[in-house]
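Enquirer: Sequence plus predicted model, see below.
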Amino acid sequence: MADKPSDAQILEGLAGIVEDIAGVSPEDVTADKSFVDDLDIDSLSMVEIAVQAEDKFGVKIPDDELANLKTVGDAVNYVSANA
Amino acid sequence: MSTLNQTTGPEATAILGVGSFQPERVVTNDELSLHMDTNDQWIRDRVGIRERRFAGPDERLVDMAVTAGSKALADAGLAPSDVDTVILANCTMPHPIPNGAAQVADRIGLKAAGAFDLNAACAGFCYSLGTASDLVRAGSAKRVLVIGAEKLTDWVDPTDRANAIIFADGAGAAVVGPAERPGIGPVVWGSAGDLVDTIGMNPTGPTGNKVLYQEGQAVFRWATTQIAPIALRAVEAAGITPADLDVLIPHQANLRIVEAIAKKLRANGAREEMVVADDIVFSGNTSSASIPMAMDHLRGAGRIKPGDLALLVGFGAGLSYAGQVVVCP
């Protein structure tokens, strides 16, 4: 991506990925939601989401960093800081 | 200075017959949930397995290999004397020596056969199939019995819910020999030794024995992103296109990995109608046995027929991987 995306753009992009991988409705993917507890996303789906997010935003999300991304907001912040 | 002789063999090889064996004991997800904190839905969601087969205490890896190998010989319409080499792919023999292949050859009735085990873990069958084809084409062997057999339950902590739900026992086999038309495409193989620590053995079993561990997320990421490109290289090496494939038989590691590989192949031109092996649902992950077992089961179920083009791709500990396109016998 040529320009650094805004947090809103990152959230929208993540919501699309989460819908594709886990079938979660995009309006449910908000910053305060926990991937595991609220959106019922398992650890393998998190890997798939990370891989797609890496492609979409041009970031690296190693597995040990992935473990720290508990909420959608954590993921938005990580992408924003590393994109 | 003397010049040494070199041998040459037939130009083309093919799989002449296949066979498989599974222990009788079916272990359901409900049974596993009696021993550990898991349940049928959790297991199906994560790995796609509904049931698997466990060998009994007296049922050894070589016993399963002998049965699968004998069936493959019968399927090919060959006698033991028609085969002079046995390759036994496995990673779960009870001890490093003796190897299993020599015992299997003797018990099937192959006299003084060349016999060796090949350990490339879950990629073992594809490594062995490529090796067997090249042995025949080089004139080193007349026909080769290739077997993948595993007793993984000897090496898994039965209370470890991450692994005990996945791994199982069984054997699959194929006979490789000369053919008029090429039936085994070039093998594409390699390794990723930098990821060696993601699958291995820990001395933490319930009785102090070594048991298998894997870093699930790291292996899943590798398998779902790196294996489809290797499979596509095998297709290219065979001189065909993904659209030509009738069947995809990846190592049955996890149904979600199988589906991810199929999705990427379809995004690269493979047809929607391409049959995708899902043997893991009723067999679990049997490492080197999974590909020939899946091929045999697909054929038994009438989902593939002789002449179909099948893409095989194995991947696992090492990490190691191998794939090739074959014509189904």
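Expert: Received the coordinates, thanks.

Enquirer: Show me which residues of the stretch 101-250 of chain B sit near chain A.
Expert: Neighbours of chain A within the stretch 101-250 of chain B, by CB under 8 Å from any CB of the partner chain: B:215-218, B:220-221, B:224-225. Glycine gets a C-beta too; all of them are placed from N, C-alpha and C.

Enquirer: could you redo the last one with a cut-off of 10 Å?
Expert: B:198, B:215-225 (CB under 10 Å from any CB of the partner chain).

Enquirer: which of these are buried?
Expert: B:198, B:215-225 (16 or more other CB atoms under 10 Å in any protein chain shown).

Enquirer: so where is the chain shaky, pLDDT-wise?
Expert: Chain wasn't specified; assuming chain A. A:1-2 (pLDDT under 70).

Enquirer: hm, I was asking about chain B
Expert: B:205-208.

Enquirer: And the residue nearest the centre of it?
Expert: Residue closest to the average C-alpha location in chain B (CA atoms, centre = their mean): B:S288, at 3.3 Å.

Enquirer: Next, the contact list for that residue, please.
Expert: Applying CB atoms under 10 Å, 6 or more residues apart in numbering or on different chains, we find B:S288 in contact with B:88-92, B:118-128, B:146-150, B:171-172, B:251, B:314, B:316.

Enquirer: let's see 7 Å
Expert: Neighbouring residues of B:S288 by CB atoms under 7 Å, 6 or more residues apart in numbering or on different chains: B:89-91, B:122, B:124-125, B:148, B:150.

Enquirer: Redo those residues as TSV? Include secondary structure.
Expert: Shown next, in TSV, are those (DSSP: H, G, I helix; E, B strand; the rest coil):
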residue	secondary structure
B:A89	strand
B:N90	coil
B:C91	coil
B:C122	helix
B:G124	helix
B:F125	helix
B:G148	strand
B:E150	strand
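
Enquirer: Nearest to A:N82 among these?
Expert: For the contacts of B:S288, the closest approach to A:N82 (CB to CB) belongs to B:C122, at 33.3 Å.

Enquirer: Find the nearest non-adjacent residue to the closest one, please.
Expert: B:G316 (2.7 Å; CB to CB, 6 or more residues apart in numbering or on different chains).

Enquirer: hang on, isn't the one you found packed against B:G124?
Expert: No: using CB atoms under 7 Å, B:G316 makes no contact with B:G124, being 8.0 Å away.

Enquirer: Just want to know which of these two has more residues nearby.
Expert: B:G124 (32 against 23; other CB atoms under 10 Å in any protein chain shown).

Enquirer: I'd say the more buried one and B:L118 touch.
Expert: Yes: between B:G124 and B:L118 there is a contact under CB under 7 Å: 5.7 Å.

Enquirer: Near chain B, which residues of chain A are found?
Expert: A:42-44, A:47-48, A:51, A:63 (CB under 7 Å from any CB of the partner chain).

Enquirer: Go through the residues of the stretch 101-250 of chain B next to chain A and flag which are in helices.
Expert: Here DSSP state H is the test, and these give B:216-225 as lying in helices.

Enquirer: With distance to B:G114 added, can I get those in TSV?
Expert: Output for those, formatted as TSV (distance: CB to CB, whole Å):
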residue	distance to B:G114
B:G216	38
B:Q217	41
B:A218	37
B:V219	33
B:F220	37
B:R221	39
B:W222	34
B:A223	33
B:T224	37
B:T225	38
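
Enquirer: a strand runs through B:R52, doesn't it?
Expert: Yes: counting by three-state DSSP, B:R52 is located in a strand.

Enquirer: Leaving out sequence neighbours, find the closest residue to it.
Expert: B:R52's closest residue in space is B:G284 (CB to CB, 6+ apart), at 2.9 Å.

Enquirer: Kindly indicate the member of the residues of chain A next to chain B with the most neighbours.
Expert: A:V47 (25 neighbours).

Enquirer: which residues touch it?
Expert: Residues near A:V47 by CB under 7 Å, 6+ apart: B:217, B:220-221.

Enquirer: Could you dump these into JSON lines and include distance to B:D45?
Expert: Formatted as JSON lines, the contacts of A:V47 follow (distance: CB to CB, whole Å):
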{"residue": "B:Q217", "distance to B:D45": "16"}
{"residue": "B:F220", "distance to B:D45": "14"}
{"residue": "B:R221", "distance to B:D45": "18"}
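
Enquirer: doesn't B:V281 make contact with B:I49?
Expert: Yes: counting by CB under 7 Å, B:I49 touches B:V281, with 6.3 Å between them.

Enquirer: Pick out whichever of those two has more residues nearby.
Expert: Between B:I49 and B:V281, B:I49 has the larger neighbour count (other CB under 10 Å), namely 26 against 17.

Enquirer: Enumerate every residue touching the closest residue to the more buried one other than its chain neighbours.
Expert: Ranked by CB to CB, 6+ apart and with sequence neighbours excluded, the top spatial neighbour of B:I49 is B:G284, at 5.4 Å. By CB under 7 Å, 6+ apart, the residues touching B:G284 are B:49, B:52, B:166-168.

Enquirer: In strands, which of the residues you listed fall?
Expert: B:R52 (DSSP state E).

Enquirer: Looking at the contacts of B:G284, which one is closest to chain A?
Expert: B:I166 (12.2 Å; CB to the nearest CB).
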